[in-house]
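# Below is the sequence, then the predicted model.
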Amino acid sequence: MGELIAVEGLDGAGKNTLVTSLVAGWRAHGLSVATFAFPRYGVAVTADIAAEALHGEHGDLASSAYAMATLFALDRRDGAAAIRAAVASNDVVILDRYVASNAAYSAARLRESIDGQAVRWVAELEFTRFGLPVPDHQVFLGVPMSVAAERAVRRAQGDASRARDAYERDDDLQSRVDAAYRELAAAQWFSPWSVLDGTEDPDRVAAQLAGGGPVGRISSS
Ligand SMILES: Nc1ncnc2c1ncn2[C@@H]1O[C@H](COP(=O)(O)OP(=O)(O)O)[C@@H](O)[C@H]1O
Ligand SMILES: Cc1cn([C@H]2C[C@H](O)[C@@H](COP(=O)(O)OP(=O)(O)O)O2)c(=O)[nH]c1=O
């Protein structure tokens with residue numbers, strides 16, 4: 001059985017860059033690694049509909065935090081068997097966003113703390129009702145909001161398909177999402193969390209995981 005690790009953070013925090021660096025490092029050590037990135041655009045229709053809603057389509061769909069979270073959750077439910085199979089046949093399975101994204105964004109949208117109804121509902125829906133595997137370890141890649149926003153703007157300028165969505169354009173929401181993630185990490189929500197400094201050079205960010213905890217043991221094996 002492999003280790004299931006979820007990487008979380010704001011839009012533009014550098015999650016994709018960190019995952020790429022971690023995977024290269026682990027593979028160089030001879031480990032077998034599988035990755036999944038949520039939302040699974042082009043794979044799950046619910047992910048595509050959620051993205052379209054965040055870009056202004058589908059009437060008032062995006063106005064409901066619970067409706068949006070349900071779409072993202074159904075994408076994961078659809079991918080659960082593939083994640084379980086990957087965990088059974090690899091040393092590490094790393095996820096770029098997972099259930100905690102729904103917890104952080106839903107709590108932030110509804111201005112609730114992580115002890116509120118939305119976070120409880122996400123856990124009940126995804127871990128209990130949908131039976132999604134609980135990660136062995138979760139990583140929060142922290143950056144000041146201004147850094148995440150600047151990276152998201154730069155990425156949108158360089159790639160028309162990455163135009164910022166309604167969540168990315170909302171600085172107040174991003175700041176509440178950051179606070180929610182920090183609360184989830186402090187509470188060790190469902191598994192041990194590591195908090196990384198995403199302002200460092202990408203390879204140094206990956207190296208921050210070495211030297212302790214389950215992820216560190218993988219990194220250094
Ligand atoms: N540690 C870093 N230092 C500087 N720039 C970074 C770092 N990590 C990512 N970036 C850049 O920031 C942008 C967003 O990174 P990305 O990994 O796509 O973020 P996310 O997956 O969290 O949205 C990209 O242009 C990437 O090259
Ligand atoms: C996966 C997931 C994403 N989100 C949010 C975070 C992002 O603001 C938005 C889109 O996901 P994101 O990973 O930013 O996709 P991209 O930048 O490639 O379009 O959806 C949730 O609210 N819940 C979830 O479960």
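Arrived safely. Ligands and ions are numbered 1, 2, ... in the order given.
# for the residue in the chain that ligand 1 sits nearest to, what are its contacts?
In the chain, the residue found nearest to ligand 1 is G14; the distance is 2.8 Å by C-beta to the nearest ligand atom. Just so you know, the C-beta spots here come from the backbone N, C-alpha and C atoms, and that holds for glycine as well. Residues in contact with G14 (C-beta atoms under 8 Å, 6 or more residues apart in numbering) are 141, 143, 151, 198, 202, 205.
# Which residues outside the helix or strand hosting A104 are in contact with it?
Element membership for A104 (DSSP states H and E) is helix 99-109. Here helix 99-109 makes contact (C-beta under 8 Å, 6+ apart) with 6, 8, 38, 65-66, 68-69, 72-73, 76, 112-114, 116, 118-119, 121-123, 126-127, 132, 135, 138, 167, 173, 176-177, 179-181, 184, 189-190.
# How far does it sit from its chain's centre?
Distance, stretch centre to chain centre, for helix 99-109: 10 Å (C-alpha atoms, centre = their mean, to the nearest Å).
# right, and V139 touches A13 too?
No - the pair V139 / A13 is not scored as a contact, 10.6 Å apart, by C-beta atoms under 8 Å.
# Residue most distant from the centroid, the protein?
In the chain, counting by C-alpha atoms, centre = their mean, G59 sits farthest out from the average C-alpha position, at 26.1 Å.
# Now look at the helix holding A104 and say if it contacts ligand 2.
Yes - using C-beta under 6 Å from any ligand atom, helix 99-109 reaches ligand 2 at 101-102, 105.
# re the thing from before, now do the residue farthest from the centre of the chain against V7, distance only.
32 Å (C-beta to C-beta, to the nearest Å).
# and what of G79?
Taking C-beta to C-beta, one finds G79 at 16 Å from V7.
# those helices in this structure, which residues are they?
Counting by DSSP state H, one finds helices in the chain at the ranges 15-28, 45-54, 65-89, 99-109, 117-123, 145-158, 171-186, 202-207, 213-220.
# how distant is the fifth one from the center of its chain?
Computed by C-alpha atoms, centre = their mean, the chain-centroid distance of helix 117-123 equals 16 Å.
# and that helix, what does it pack onto?
When contacts are defined as 3 or more C-beta pairs under 8 Å, 6 or more residues apart in numbering; DSSP states H and E, helix 117-123 packs onto helix 65-89, helix 99-109.
# Save the ones you listed as CSV, and put in mean neighbour count too.
CSV is the format used below for the helices and strands packed on helix 117-123 (neighbours: other C-beta atoms under 10 Å):
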stretch, mean neighbour count
helix 65-89, 18
helix 99-109, 26
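# Let me know the closest of the contacts of G14 to ligand 2.
For the contacts of G14, the nearest to ligand 2 is R151 (10.9 Å; C-beta to the nearest ligand atom).
# What distance do you get for the residue nearest to the closest one when sequence neighbours are not counted to R109?
Leaving out its chain neighbours, the residue that sits closest to R151 by C-beta to C-beta, 6 or more residues apart in numbering is G12, at 3.8 Å. Separation of G12 from R109 (C-beta to C-beta): 18 Å.
# okay, now A187: neighbour count?
Using other C-beta atoms under 10 Å, A187 is surrounded by 12 other residues.
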